[in-house]
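> what follows is a predicted structure for the sequence shown.
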Amino acid sequence: MPHEDTAPILSVRDLTVEFVTRRGTLRALDRISFDVARGEVLGVVGESGAGKSVTGSAIIGLIDPPGRIAGGEVRLAGERIDNLPPEAMRKVRGKRIGMIFQDPLTSLNPLYRISEQLIETIRVHTDLDAAQARARAIALLDEVGIPAPEKRIDSYPHEFSGGMRQRVVIALALCAEPEFIIADEPTTALDVSVQAQIIALIKSLCRERGTSVMLVTHDMGVIAETADRVAVMYAGRIAEIGPVRDVVKEPLHPYAKGLMGAIPSLEGETPRLVQIPGSMPRLSAIPQGCAFNPRCSQVYARCHVERPELIAVGSRKVACHLYDTRSKSGVAA
Amino acid sequence: MTADPAPLVEVHDLKRVFDVSKPWLNRVIERAPRQFLKAVDGVSFEIRKGETFALVGESGSGKSTVARMVVGLLPPSAGTVTIDGVSMHDAAAADDRQRLRRRIQMIFQDPYASLNPRWRVGRIIAEPIRAFSLIESEAAIAERVGELLTLVGLHPDDRTKFPHEFSGGQRQRIAIARALASDAEFIVCDEPTSALDVSVQAQILNLMRDLQERLGLTYLFISHNLAVVRHMASRIGVMYLGRLVEVSDGKSLFSAPRHPYTRMLLDAVPDVAMVGKVRQSVKGEIPNPLAPPSGCTFHPRCPLVFDRCRSENPPVIDGVACHAVQAGRVAAA
Ligand SMILES: Nc1ncnc2c1ncn2[C@@H]1O[C@H](COP(=O)(O)OP(=O)(O)OP(=O)(O)O)[C@@H](O)[C@H]1O
Ligand SMILES: Nc1ncnc2c1ncn2[C@@H]1O[C@H](COP(=O)(O)OP(=O)(O)OP(=O)(O)O)[C@@H](O)[C@H]1O
Ligand code: SF4
Ligand code: SF4
Ligand SMILES: [Mg+2]
Ligand SMILES: [Mg+2]
């Protein structure tokens, strides 16, 4: 973004994550950089294994050995959080950064009532007493659309449907009023009609509370409807990032173009879907230069030797040599 | 409709009830009654030769149960399935059915679970050829396996590998090759691409359409992804809680949905064409199938509900099961 006067809530610079394995060091994230503005939903898309979840885990300091952050930095409201000691990081997590995962059952303890889980989380992060915390928990359940929350709050997780459980997880993530929420495939396990409700909920939270969200999913439809900006990841790198309208409707990066063309849409007749030949490389065999070069129809000599950096093209950034106006071969198509 | 070819598959008033009672001792101690779940409740449709008939609907609506009854994997509680004039469940037709078997194949969501991990790919694909004694000489079988691998976009040399050496999309190609090995004409595909990335999904969907054109295949295609169904199907049946609520040709279902549930479902699907558009919020969740609502099971969520809906189950008339549509209370969309 060219003229920014409000600082981004999250700022990631050259973040690199490596896994040390018997077969050598695998680089799951390779110098990725992006910002998330306040109140913004940043969508993160890409094929399985592109590094979407690792990006989320690295931001909240949950990369377990043999993985490690091998370089770069993460700033929350200007403050570095990637090098905090574990205890301080635990406070950031939950208090300032909330998390929503695909399977609500992993975030909810089946043995405790919803009320116990919400009240405990609220009391850890605020100085409300038990009665105040309960009132606050009921208000939160109401906010995420649980009908008759004062009656349902003492239920156990298994007494709720999948969609209701995911709402409880969202309420749990909201307890401490975090500035930033990481939602990793929050609707993938849900049915379409329930999915639509959860999407609407995430959107209204951003609008009303000014919370920022990093929404990880491989469902472009969800991104198209929810996100303000979108980052397309490929083999641990960002291929393209920009306003969702531009990237979805008119992708520039050859990989992003292929990805968008591969998606069947409800509108318009597509006799044949765009097919990207081949598949994403394994981490142990990422090609030299541009990681997409074996599958790219516009590949040329430079792509085999030099890694394309993100360069600004209008409102977005693209990592592809074709858009490098300094180069003679730049043919922005 | 008179000019259409005769249906290959005829499904008439198919029903399946599951006994989901607790064990006998528990029932006695807790004085709990037996419990039955109507997974499929009176479903009828036809599939013409060479067409793709799709079943859509949310999780638990009974799609897979219908599929398993159609291929003869599960006996129906009532109703009939007839394929090319042969009953799939009538004991008297056992001999005819044996001859029919090789012409019917099924492809599942998880290609890994359906491929024997200890067998090499060549043996997996040759298995139906041997089981039905279609080709006698080993050399001819090997040649046929090579042909099939080429047909689905793999290499004949891949026959010596094991399933785990392939990606998800490649494994689904192997499953398709195996289905074609017995010269199948009718293939039931239960969520064949749900476990795959969009780019891989595009490869498989394109392959399935190419094969249909070349070999004149007939598909029963099950998916909860409406955009995928729109791309693949010539006719579509929409299921809700075990009932078929609307059957229509693909184009009109999307341009002029008639049943209120179909309309809601179409409104709920996140779609890439929806960037920046605002949609109506979806109300209510799928009811408990053990205690389905009376009359029209959609009535608690239906915006058009009126008195008759609560007591009478609407019959399918002219492709729609809805009192409001039948009483002319709905303007065409
Ligand atoms: N603990 C680990 N050890 C080794 N490699 C790992 C580990 N965790 C993740 N990876 C690798 O890092 C890469 C990125 O994984 P990540 O989970 O971020 O993918 P993703 O984009 O979230 O994919 P999906 O859509 O399947 O969730 C993958 O190649 C994965 O195999
Ligand atoms: N063997 C079984 N025993 C008891 N209940 C069953 C059995 N198989 C299916 N059911 C129930 O029947 C209903 C229909 O299930 P089915 O698997 O056909 O749904 P589906 O439409 O394929 O859903 P999904 O999209 O989740 O695959 C569900 O309520 C399910 O729990
Ligand atoms: S840098 Fe080269 S290989 Fe990579 S996407 Fe651009 S043109 Fe294709
Ligand atoms: S029968 Fe009644 S409740 Fe059911 S879909 Fe039609 S109008 Fe709605
Ligand atoms: Mg992931
Ligand atoms: Mg199913």
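Yes, it's here. Ligands and ions are numbered 1, 2, ... in the order given.
> any weak-confidence spans in the stretch 151-300 of chain B?
Confidence mapping of the stretch 151-300 of chain B against pLDDT under 70 gives the ranges B:274, B:276-282.
> how about the one residue in it that gets nearest to ligand 2, secondary structure?
Nearest to ligand 2 in the stretch 151-300 of chain B, going by Cβ to the nearest ligand atom, is B:Pro289, at a distance of 4.3 Å. No exception for glycine: its C-beta is placed from N, CA and C like everyone else's. With DSSP: H, G, I helix; E, B strand; the rest coil as the basis, B:Pro289 sits in coil.
> count of neighbours near it?
A total of 18 residues lie near B:Pro289 under the criterion other Cβ atoms under 10 Å in any protein chain shown.
> OK, contacts around A:Thr121?
Listed by Cβ atoms under 8 Å, 6 or more residues apart in numbering or on different chains, the contact partners of A:Thr121 are A:Gly94, A:Leu172, A:Cys175, A:Ala176.
> and if you look at B:Lys15?
Contacts for B:Lys15 (Cβ under 8 Å, 6+ apart) come out as B:Lys38, B:Val40, B:Asp41, B:Gly42, B:Val43, B:Pro76, B:Ser77, B:Ala78, B:Gly79.
> ligand 1: which of the residues you listed is nearest?
B:Val40 (32.9 Å).
> is it true that that closest one touches B:Leu241?
No. Counting by Cβ atoms under 8 Å, B:Val40 does not reach B:Leu241; the two are 9.9 Å apart.
> redo the contacts of A:Thr121 as JSON lines? Include neighbour count and secondary structure.
As requested, the contacts of A:Thr121 are exported to JSON lines (neighbours: other Cβ atoms under 10 Å in any protein chain shown; DSSP: H, G, I helix; E, B strand; the rest coil):
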{"residue": "A:Gly94", "neighbour count": "18", "secondary structure": "helix"}
{"residue": "A:Leu172", "neighbour count": "24", "secondary structure": "helix"}
{"residue": "A:Cys175", "neighbour count": "24", "secondary structure": "coil"}
{"residue": "A:Ala176", "neighbour count": "19", "secondary structure": "coil"}
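> format those residues as JSON lines; extra columns: distance to A:Ile119 and pLDDT.
Output for the contacts of A:Thr121, formatted as JSON lines (distance: Cβ to Cβ, whole Å; pLDDT from 0 to 100):
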{"residue": "A:Gly94", "distance to A:Ile119": "15", "pLDDT": "81"}
{"residue": "A:Leu172", "distance to A:Ile119": "11", "pLDDT": "88"}
{"residue": "A:Cys175", "distance to A:Ile119": "9", "pLDDT": "85"}
{"residue": "A:Ala176", "distance to A:Ile119": "13", "pLDDT": "83"}
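> counting neighbours, what do you get for residue 173?
Picked chain A for this. 26.
> please refer instead to chain B.
24.
> so the longest helix seen in chain B, near chain A or not?
Using DSSP state H, we find that the single longest helix of chain B is helix B:198-215. Yes. Counting by Cβ under 8 Å from any Cβ of the partner chain, contacts between helix B:198-215 and chain A involve B:Val198, B:Ser199, B:Val200, B:Gln201, B:Ala202, B:Gln203, B:Leu205, B:Asn206, B:Arg209.
> where along the stretch 51-200 of chain B do the helices fall?
B:63-70, B:94-101, B:111-114, B:121-131, B:138-151, B:168-181, B:198-215 (DSSP state H, counting those that start in this stretch).
> A:Thr55 is nearest to which of those helices?
helix B:198-215 (19.0 Å; Cβ to Cβ).
> mind listing what's buried in the closest one?
B:198-209, B:211-212 (16 or more other Cβ atoms under 10 Å in any protein chain shown).
> quick check: what element follows that helix along the chain?
strand B:218-222 (DSSP states H and E).
> show me what that following strand is in contact with.
By Cβ under 8 Å, 6+ apart, the surrounding residues in contact with strand B:218-222 are B:8-9, B:47-56, B:63-64, B:67, B:70, B:185-192, B:208, B:212, B:229, B:232-233.
> strands paired with that strand, and their directions?
In the sheet, strand B:218-222 lines up against strand B:52-56 (parallel), strand B:186-190 (parallel) (DSSP bridges).
> between that strand and helix B:198-215, how big is the angle?
Per axes from the mean of the first three to the mean of the last three Cα atoms, to 10 degrees, the angle that strand B:218-222 makes with helix B:198-215 is 160 degrees.
> can you say which of the contacts of strand B:218-222 are buried?
Counted by 16+ other Cβ under 10 Å, the contacts of strand B:218-222 give B:8-9, B:47-56, B:63-64, B:67, B:70, B:185-192, B:208, B:212, B:229, B:232-233 as buried.
> quick one: contacts for the closest residue to ligand 1 within the stretch 151-300 of chain B?
The stretch 151-300 of chain B approaches ligand 1 most closely through B:Asp197 (7.5 Å), counting by Cβ to the nearest ligand atom. Neighbouring residues of B:Asp197 by Cβ under 8 Å, 6+ apart: A:Glu47, A:Ser48, A:His218, B:Gly168, B:Gly169.
> quick check, nearest of those residues to ligand 4?
Out of the contacts of B:Asp197, the member with the shortest distance to ligand 4 (by Cβ to the nearest ligand atom) is A:His218, at 33.0 Å.
> what number of residues lie near that closest one?
With other Cβ under 10 Å as criterion, A:His218 counts 20.
> tell me the secondary structure of it, please.
Using three-state DSSP, the structure places A:His218 in coil.
> ok, A:Arg68 next?
Under three-state DSSP, A:Arg68 falls in the strand class.
> shouldn't it be in contact with A:Thr16?
No. Counting by Cβ under 8 Å, A:Arg68 stays clear of A:Thr16, with 9.4 Å between them.
> rewinding a little: hey, what's in contact with both of B:Val40 and B:Leu241?
With Cβ under 8 Å, 6+ apart as the test, B:Val40 and B:Leu241 both reach B:Gly62.
> what residues does the stretch 201-333 of chain B have near ligand 2?
Contacts of the stretch 201-333 of chain B with ligand 2, taken as Cβ under 6 Å from any ligand atom, map to B:His224, B:Pro289.
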